Every structure is written in C-alpha cells, then in structure tokens.
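Student: output the structure for:
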Amino acid sequence: MYAEITAAIASIKALAEIAKLTSDIKTSAQVLQETVNLNITILALQEKMSVVLTEKDSLLQEKKELEQKIAEFDHWETESARYELKEIALSVLVYTVKPGADIGEPTHWLCAKCYKDKRPSIIQRQESVKSGRFYLCPVCKIELHFTPGWFGPKKT
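Tutor: You can find the predicted model right below:
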C-alpha cells in the first residue's frame with residue numbers, strides 16, 4: 001500500500017510538471033502531445049488510487065472481523081467464568097452455574113465437550129428408562145445415560 005501511495009504522489013508531481021510545461025508551449029502540436037501525456041498520467045494515477053482504495057477497504061473489513069472476534073472472545077470469557085465443572089453422577093461431567101452466578105435462568109447443565117469448544121450447549125432430557133435417565137447434547141449429540149446422584153458403591 002505504501003508503494004501505491006508513493007507512486008500516486010510521484011504521478012501528482014508529474015502532473016504539476018506537465019501543467020507547467022503546457023503553459024510554456026507555443027505550438028498546438030506540442031499542446032496536443034502534452035495533453036495526451038497529461039491524460040496518460042491521469043489514468044495511471046486513477047488506477048493507483050483505485051488499488052489504494054481497494055486495499056483500504058480490505059483492511060477495514062479485516063479490522064471489523066478482528067474486532068468482532070475480540071468481542072466474542074471477551075463475551076465467552078465473561079460467560080464461561082460463571083460455570084464450573086461438576087460430576088453429577090459417576091464419571092458424568094457437566095458444567096453447571098456456580099453458586100450465586102445465576103442471572104435468573106433455570107437450572108441447567110452445559111455439555112463439557114461443547115463448553116471446551118466455546119460453544120455452550122444446554123443438555124436436554126430425552127426420556128426416562130428403567131436404568132435411569134437419558135440426556136442428549138443437541139449440538140455434539142453426546143448421550144448421557146445415568147441415574148442422577150449415583151456415584152457408585154461407597155469406597156471404604
């Protein structure tokens with residue numbers, strides 16, 4: 001982009017020189033030739049300015065995308081700080097809202113896999129079966145089958 005700006009400035013200087021020469025020219029042939037030279041220089045300048053403007057637009061779009069990613073990251077950092085990893089049954093881990101961190105939402109569990117991928121997904125109860133309950137993450141489709149609160153035989 002610096003090269004295009006430098007070239008544009010050089011073209012502007014050339015235009016100034018051509019304009020100065022035009023005032024000193026006596027014959028119409030010389031005026032015609034200098035007019036052609038001036039038009040060529042103007043076209044080259046327009047092309048260079050178009051390149052600079054395209055690059056500027058591209059950089060502005062990239063800046064906007066980066067700002068969006070930063071905002072999403074900041075939001076995730078704030079949101080994820082509200083949760084903690086909990087074992088709700090033997091070897092069944094989910095993220096739950098930390099005590100005192102709820103914001104008026106119902107009690108819920110977040111899928112541990114999706115949470116690690118920064119895609120919070122609320123685990124949904126599907127059905128009850130004889131051996132316990134069946135839960136499903138709607139995003140990654142992981143299935144949880146367990147009896148809530150069962151942590152296995154007591155260790156002695």
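Student: packing partners of the helix or strand containing His75?
Tutor: Using DSSP states H and E, His75 sits in helix 28-80. The contact analysis (3 or more C-beta pairs under 8 Å, 6 or more residues apart in numbering; DSSP states H and E) places helix 28-80 against helix 2-24. In short, each C-beta sits where N, CA and C put it, glycine included.
Student: buried set for the helix it packs on?
Tutor: Neighbour counts over helix 2-24 (16 or more other C-beta atoms under 10 Å) mark 4, 7-8, 11, 14-15, 18 as buried.
Student: give me the angle between it and helix 28-80.
Tutor: Put simply, helix 2-24 runs at 160 degrees to helix 28-80, going by axes from the mean of the first three to the mean of the last three C-alpha atoms, to 10 degrees.
Student: on contacts alone, who are the packing partners of helix 2-24?
Tutor: When contacts are defined as 3+ C-beta pairs under 8 Å, 6+ apart, helix 2-24 sits against helix 28-80.
Student: would you tell me what the next helix or strand after the helix holding His75 is?
Tutor: strand 83-89.
Student: dump whichever helix or strand comes after that following strand to CSV, keeping only the CA atoms.
Tutor: As assigned by DSSP H and E, the chain's next helix or strand after strand 83-89 is strand 92-97. Output of strand 92-97 as CSV, limited to C-alpha atoms (Å, rounded to 0.1, in the frame of the first residue of the first chain):
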residue,chain,number,x,y,z
VAL,A,92,-20.6,-38.0,34.2
LEU,A,93,-19.2,-34.4,34.0
VAL,A,94,-21.1,-31.3,33.0
TYR,A,95,-20.7,-27.6,33.6
THR,A,96,-23.1,-26.0,36.0
VAL,A,97,-23.7,-22.4,37.1
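Student: tell me how far strand 92-97 lies from the chain's centre.
Tutor: 28 Å (C-alpha atoms, centre = their mean, to the nearest Å).
Student: same check, this time on stretch 62-80
Tutor: Chain-centre distance of stretch 62-80: 7 Å, with C-alpha atoms, centre = their mean.
Student: go through that stretch and flag the buried ones.
Tutor: Buried, per 16+ other C-beta under 10 Å, within stretch 62-80: nothing.
Student: from Leu110, how far out is the most centrally placed residue in the chain?
Tutor: Nearest to the geometric centre of the chain sits Lys69, at 3.7 Å (C-alpha atoms, centre = their mean). Plainly put, Lys69 is 22 Å away from Leu110 if you go by C-beta to C-beta, to the nearest Å.
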